[in-house]
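Q: Below is the structure, and that's it, no one-letter string:
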């Protein structure tokens, strides 16, 4: 579907409340707990937990485990489709919303939707907006279950605004750089990858760039001949010369100086760990309810194995002055296999990283369009 639709529900229309299937309990709207937020990232695209975290969430559970959720009234989101109707008086926002694949078709979604509509009505809203529907079948579902009508249409291509000048910085193999480059040229990510910076002559990412006809700059740091400040200045000038709209750190292993971070506010970093949405926390809750360290720093996977953690993950986040503590754009948890070695685990982390990067960059595109 080339369009993105905003649907509207007239809350004055009272519909019979659908009941959940046997064995499923639905909690009233409340702040989502950490386990539910992690489960959302495990089940869906990796961006919805940060949206659910800023609203009130209705959670369906079977035997204590989440099987579905619906968020209402999320606050502070920057998506362009929330700039018009969603800001009108008396309009409440519904979503995100999802049901575990194995539980679909059993009535959980209808029950969640009914409770969300009722909660928005009880909050004093006259209408509810269901934003960013990108599937015709889903639009029909909302029409059948809640009487939703199409209120606004957006051209997806216009919202994404192609041609964003993108600079990638990497230190190693460059598989995520390769994935971004291929997605950009296929039109899946409307970016213009204008250059790559690596900080090691042995970084295979540079070979990938040359093979893809992308200018590659190698900036190695000889600590015996050059001060940190001098190297950081060279790095800053190299990045500045590309005039990027966005800088992607995809496996970049050098801590950037404060002036660099301040000059390039659209700076996203890929980190091989499941980071907490609350940047002040040093631990994070996983989908099974266990709590593990946040594993910030350059050796996150190795640190997780050393700590005998049963979980790792991947996160794309905005870069701030505090290392690995910027706002999360997308994240995905990954369970460690019993006795798994670091090399094999890193390969599996790389597999989920590509999806996290794609989801997080897409979110950035929609937020800044």
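A: Sure, I can see it. What you see is a predicted model; the values in this text were computed from it and never measured.
Q: Domains of this protein: list them as residue ranges, please.
A: 3-157, 159-368 (automatic domain parsing).
Q: Can I get those in JSON lines including mean neighbour count?
A: Just so you know, the C-beta spots here come from the backbone N, C-alpha and C atoms, and that holds for glycine as well. Converted to JSON lines, the domains of the chain look like this (neighbours: other CB atoms under 10 Å):
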{"stretch": "domain 3-157", "mean neighbour count": "18"}
{"stretch": "domain 159-368", "mean neighbour count": "18"}
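Q: Could you export those as a markdown table, including mean pLDDT?
A: Listed next are the domains of the chain as a markdown table, based on pLDDT from 0 to 100:
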| stretch | mean pLDDT |
| --- | --- |
| domain 3-157 | 96 |
| domain 159-368 | 96 |
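Q: Now for residue 245: which residues touch it?
A: Each residue near residue 245 by CB atoms under 8 Å, 6 or more residues apart in numbering is listed here: 164-166, 266.
Q: where along the stretch 151-300 of the chain do the helices fall?
A: Per DSSP state H, counting those that start in this stretch, the stretch 151-300 of the chain carries helices over the ranges 156-160, 175-186, 205-211, 228-240, 258-263, 300-306.
Q: so how far is the longest helix that the chain contains from its chain's centroid?
A: When the chain is parsed with DSSP state H, its longest helix is helix 342-368. Here helix 342-368 is found 9 Å from its chain centre; the criterion is CA atoms, centre = their mean, to the nearest Å.
Q: tilt between that helix and helix 175-186?
A: 40 degrees (axes from the mean of the first three to the mean of the last three CA atoms, to 10 degrees).
Q: From the contact counts, what lies against helix 342-368?
A: Using 3 or more CB pairs under 8 Å, 6 or more residues apart in numbering; DSSP states H and E as the contact test, the elements touching helix 342-368 are helix 156-160, helix 175-186, strand 246-250, strand 267-271, helix 300-306, strand 311-318, strand 328-335.
Q: Nearest to residue 293, out of these?
A: If you check each of these against residue 293 by CB to CB, helix 300-306 wins as the nearest, at 7.7 Å.
Q: contact partners of the closest one?
A: By CB under 8 Å, 6+ apart, helix 300-306 touches 271-273, 292-293, 295, 297, 311-312, 336, 340, 342, 345-346, 349.
Q: what's the span of stretch 187-205, first residue to last?
A: Stretch 187-205 has an end-to-end distance of 21 Å (criterion: CA to CA, to the nearest Å).
Q: re the thing from before, kindly reformat the helices of the stretch 151-300 of the chain as JSON lines and extend each row with distance to residue 357.
A: As requested, these are exported to JSON lines (distance: least, CB to CB, whole Å):
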{"stretch": "helix 156-160", "distance to residue 357": "16"}
{"stretch": "helix 175-186", "distance to residue 357": "6"}
{"stretch": "helix 205-211", "distance to residue 357": "14"}
{"stretch": "helix 228-240", "distance to residue 357": "19"}
{"stretch": "helix 258-263", "distance to residue 357": "20"}
{"stretch": "helix 300-306", "distance to residue 357": "16"}
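Q: Out of those, which is closest to residue 11?
A: Nearest to residue 11, of the helices of the stretch 151-300 of the chain and by CB to CB, is helix 156-160 at 27.1 Å.
Q: neighbouring contacts of that closest one?
A: Everything outside helix 156-160 that qualifies as a contact, by CB under 8 Å, 6+ apart, is 2-4, 80-81, 134, 190, 362, 365-366, 369.
Q: Now find how far off-centre that helix is within its chain.
A: The chain centroid and the centroid of helix 156-160 are separated by 18 Å under CA atoms, centre = their mean.
Q: one step back: quick check: angle from the longest helix of the chain to strand 246-250?
A: Orientation of helix 342-368 against strand 246-250 (the same axes, to 10 degrees) gives an angle of 170 degrees.
Q: and the angle for helix 342-368 with strand 311-318?
A: 30 degrees.
Q: Dihedrals phi and psi, residue 188?
A: phi -70, psi -30 (degrees, to the nearest 10).
Q: sorry, back to before: save the helices and strands packed on helix 342-368 as CSV, and put in distance to residue 142 too.
A: Putting the helices and strands packed on helix 342-368 into CSV (distance: least, CB to CB, whole Å) gives the following:
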stretch, distance to residue 142
helix 156-160, 18
helix 175-186, 30
strand 246-250, 33
strand 267-271, 32
helix 300-306, 40
strand 311-318, 29
strand 328-335, 25
